[in-house]
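>>> Provided below for reference: sequence and predicted model.
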Amino acid sequence: MSELKQWMDDEARGLANSLARINLREMDARSMGGYGLRTRAITFLETVKSALFPALYEVDAATPGHLVTLSEERLYATAEQLKGIARDVFFGQCAREGREACDRAKCKERADKLVLEFLQALLPLREMLTEDLRAAYEGDPAARYMEEILLSYPSIEAVSTYRVAHELFVRGLPVVPRILTEYAHTRTGIDIHPGATIGRHFFIDHGTGVVIGETTVIGEHVKLYQGVTLGAKSFAVQSDGTLVKGNKRHPNIGSNVVIYAGATILGGDTYIGDNCVIGGNVWLTHSVEPGKRVLTAREQTEFVTTDI
């Protein structure tokens, strides 16, 4: 008998037992939809995107009527997948919180309500994505065709995923929205928290390294370049040393704002007014009045501005 086989026969069971115990301390298999939740969430994302953009997911040339049929089929699939995910996650919440008498009928009702509201939000969501596409086309002189943007631009993949995830986030579905946006993060290098609020006609040019934090609020007609961080300046701490959750930590960005590559804007009390331009590599922890152009930042507290 080889040394490897002898070790496997003697030790593999014990190692597997130890790994399982560690895993159970970190995650209860019953909670938040079980271990397959990530795969199910990503499958749902691709399904809903195929309903939103049926022509992109059809290999063969399709007639308008055929696209209607495809989209309808994928809407039914979207509903079924999301319903299953939401029910399991809500059941898992009961288990996680130790509620022995979980009312499964109420969990199902809550999940069905979420799915209905999500489906009703899809047309406005798609209209917002059309404006995001238009923002990319109008904001990038290298863009020749709308199809080029749809098929290749990381901004569209990240922003479309964010907009889907945000609709789930605001309706109280835990975990799943983060799975979706972090999946887009791994694919695009753009990190948008699903809790952020982003207005219409939004474009991230190039995109790599952009970070948009949970409590960020962005107005309409905003353009970011690569490496922009809209982040937290500091974290409030409770008496036991744990971080305070859910407080306002990230900046507000007005409408008609351009933020160039590498700029960092921090703090929940930082407001960038409408019609501002923030230069590349600027570090800001203070508010900027509307209509200003920030060219450089000095010592984090003093910045040079010019009127636009």
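Alright, I've got the coordinates. Numbers count the residues shown, from 1 in each chain.

>>> how many neighbours does Ser50 have?
20 (other CB atoms under 10 Å). From N, CA and C alone the C-beta is placed, and that goes for glycine too.

>>> Do a quick rundown of the strands in the stretch 101-250 of the chain.
Residue ranges of the strands in the stretch 101-250 of the chain, as given by DSSP state E, counting those that start in this stretch, are 191-192, 197-198, 203-205, 211-212, 217-218, 223-225, 229-231.

>>> List the neighbouring strands of the fifth one plus their orientation.
Each strand that strand 217-218 pairs with, and the sense of that pairing, follows from DSSP bridges: strand 197-198 (parallel), strand 252-253 (parallel).

>>> Which among those strands is found nearest to Pro174?
strand 197-198 (18.5 Å; CB to CB).

>>> mind showing which ranges of the stretch 151-300 of the chain have poor pLDDT?
297-300 (pLDDT under 70).

>>> if you set the cut-off to 50 instead, what comes out?
Along the stretch 151-300 of the chain, the parts satisfying pLDDT under 50 run over 299-300.

>>> can you pull out the helices in it?
For the stretch 151-300 of the chain, helices defined by DSSP state H, counting those that start in this stretch occupy the ranges 154-169, 176-188.

>>> any chance of those helices in JSON lines, plus mean neighbour count and distance to Ala143?
Formatted as JSON lines, the helices of the stretch 151-300 of the chain follow (neighbours: other CB atoms under 10 Å; distance: least, CB to CB, whole Å):
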{"stretch": "helix 154-169", "mean neighbour count": "23", "distance to Ala143": "11"}
{"stretch": "helix 176-188", "mean neighbour count": "19", "distance to Ala143": "17"}
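
>>> With distance to Leu67 added, can I get the ones you listed in CSV?
Below are these laid out as CSV (distance: least, CB to CB, whole Å):
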stretch, distance to Leu67
helix 154-169, 18
helix 176-188, 24
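
>>> out of the ones you listed, nearest to Cys102?
Nearest to Cys102, of all the helices of the stretch 151-300 of the chain, is helix 176-188, at 19.1 Å by CB to CB.

>>> Next, the angle helix 154-169 makes with that closest one.
Orientation of helix 176-188 against helix 154-169 (axes from the mean of the first three to the mean of the last three CA atoms, to 10 degrees) gives an angle of 170 degrees.

>>> rewinding a little: to Asp132, which of the helices of the stretch 151-300 of the chain lies closest?
Closest among the helices of the stretch 151-300 of the chain, using CB to CB: helix 154-169, at 5.4 Å.

>>> ok now the closest one, how far from the chain's centre?
Its chain's average C-alpha position is 5 Å from that of helix 154-169, according to CA atoms, centre = their mean, to the nearest Å.

>>> who does it touch, helix- and strand-wise?
For helix 154-169, the helices and strands in contact under the criterion 3 or more CB pairs under 8 Å, 6 or more residues apart in numbering; DSSP states H and E are helix 37-52, helix 104-120, helix 122-139, helix 176-188, strand 191-192, strand 197-198, strand 203-205.

>>> can you state the direction angle for it and helix 104-120?
Angle between the axes of helix 154-169 and helix 104-120 is 140 degrees (criterion: the same axes, to 10 degrees).

>>> Format the CA atom coordinates belonging to helix 154-169 as PDB.
Taking Å, rounded to 0.1, in the frame of the first residue of the first chain, the C-alpha atoms of helix 154-169 are listed here in PDB:
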ATOM      1  CA  PRO A 154     -17.700  46.400 -18.000                       C
ATOM      2  CA  SER A 155     -19.700  49.400 -16.800                       C
ATOM      3  CA  ILE A 156     -22.900  48.000 -18.300                       C
ATOM      4  CA  GLU A 157     -22.400  44.600 -16.700                       C
ATOM      5  CA  ALA A 158     -21.600  46.100 -13.300                       C
ATOM      6  CA  VAL A 159     -24.400  48.700 -13.400                       C
ATOM      7  CA  SER A 160     -27.000  46.400 -14.700                       C
ATOM      8  CA  THR A 161     -26.200  43.800 -12.000                       C
ATOM      9  CA  TYR A 162     -26.300  46.600  -9.400                       C
ATOM     10  CA  ARG A 163     -29.700  47.800 -10.600                       C
ATOM     11  CA  VAL A 164     -31.100  44.200 -10.300                       C
ATOM     12  CA  ALA A 165     -29.500  43.700  -6.900                       C
ATOM     13  CA  HIS A 166     -30.600  47.100  -5.600                       C
ATOM     14  CA  GLU A 167     -34.300  46.200  -6.300                       C
ATOM     15  CA  LEU A 168     -33.900  43.100  -4.100                       C
ATOM     16  CA  PHE A 169     -31.900  45.000  -1.500                       C
END
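
>>> Mind listing residues that contact it?
For helix 154-169, the surrounding residues in contact (CB atoms under 8 Å, 6 or more residues apart in numbering) are 45, 48-49, 52, 114, 118, 121, 125, 128-129, 132-133, 136, 149-150, 176-178, 180-181, 183-185, 187-190, 192, 194-198, 202-208.
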